[in-house]
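Enquirer: sharing a sequence plus its predicted fold:
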Amino acid sequence: MTIEHSIVVGLDDIKTVIFECRQCRTRVSMLPNDIRIPQKCPNENCASREWITGIPANVRSSYEASTAKYVNFVEAIGHIRKSKNDAAFRILLEFDETDSEMPSCEMQS
Ligand SMILES: [Zn+2]
C-alpha cells in the first residue's frame, strides 16, 4: 500500500511571501496583502542584477477587469514554473503549520 501525504492551502493561508536571491541567498519577507517584488537584491554587496525592471507599480493603470487578476495569477504560476531559473530571485511561500483540520487516523486491531 502506498500512502501519500499532501497539503492543500488557499491564498488566505499564505503567511508571508519570501523572495530569495539566487546569487547570495538573501531573503526578503513580505505580507501577502502588501506585496511587491523588490527592484534589486537587498544585499548591498551582491553582484546580482536587478530583480525586476519595467513600469513601477504606482505608474501602472489601476483598471482591472474583475476576473483578470485571477486569470493572470493562475496563468503566471504555469509560466513561472516552466521558465525555471530565468529570474534573479526565487519565490517561496510560508504557511503556518497546523494540523487542526487534518483528519485523524486511528488504527484498529
Ligand atoms: Zn543577492
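Expert: On my side now, so go ahead.
Enquirer: check contacts around the residue nearest to residue 85 when sequence neighbours are not counted.
Expert: Spatial nearest neighbour of residue 85, excluding adjacent residues (CB to CB, 6 or more residues apart in numbering): residue 22 at 7.4 Å. C-betas here are computed from N, CA, C, even on glycine. Going by CB atoms under 8 Å, 6 or more residues apart in numbering, residue 22 touches 48, 85, 87-90.
Enquirer: among those residues, which one has the most neighbours?
Expert: Ranked by the number of neighbours (other CB atoms under 10 Å), the contacts of residue 22 place residue 89 first, at 21 neighbours.
Enquirer: okay, and the beta partners of that residue?
Expert: For residue 89, the beta-bridge partners are residue 21 (DSSP bridges).
Enquirer: try the one 5 residues further on
Expert: Beta-bridge partners for residue 94, by DSSP bridges, are residue 16.
Enquirer: now do the same contact list for it.
Expert: 14-18, 29.
Enquirer: what of residue 87?
Expert: Applying CB under 8 Å, 6+ apart to residue 87 gives the contacts 22, 51, 80.
Enquirer: for the second one, list the residues it contacts.
Expert: Under the criterion of CB under 8 Å, 6+ apart, the neighbours of residue 51 are 19, 21, 37-41, 87-89.
Enquirer: just the CA coordinates for the helix or strand of the chain with the lowest mean pLDDT, please, in PDB.
Expert: Among the helices and strands of the chain, helix 68-82 carries the lowest confidence by mean pLDDT, DSSP states H and E, at a mean of 86. In PDB, the C-alpha atoms belonging to helix 68-82 read as follows (Å, rounded to 0.1, in the frame of the first residue of the first chain):
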ATOM      1  CA  ALA A  68      -8.300  39.400 -14.800                       C
ATOM      2  CA  LYS A  69      -6.400  39.100 -11.600                       C
ATOM      3  CA  TYR A  70      -7.400  35.500 -11.200                       C
ATOM      4  CA  VAL A  71      -6.600  34.700 -14.800                       C
ATOM      5  CA  ASN A  72      -3.200  36.500 -14.500                       C
ATOM      6  CA  PHE A  73      -2.400  34.700 -11.300                       C
ATOM      7  CA  VAL A  74      -3.300  31.200 -12.400                       C
ATOM      8  CA  GLU A  75      -1.500  31.600 -15.800                       C
ATOM      9  CA  ALA A  76       1.500  33.100 -14.200                       C
ATOM     10  CA  ILE A  77       2.000  30.100 -12.000                       C
ATOM     11  CA  GLY A  78       2.400  28.000 -15.100                       C
ATOM     12  CA  HIS A  79       4.600  30.400 -16.900                       C
ATOM     13  CA  ILE A  80       6.900  30.900 -13.900                       C
ATOM     14  CA  ARG A  81       7.200  27.100 -13.300                       C
ATOM     15  CA  LYS A  82       8.000  26.400 -17.000                       C
END
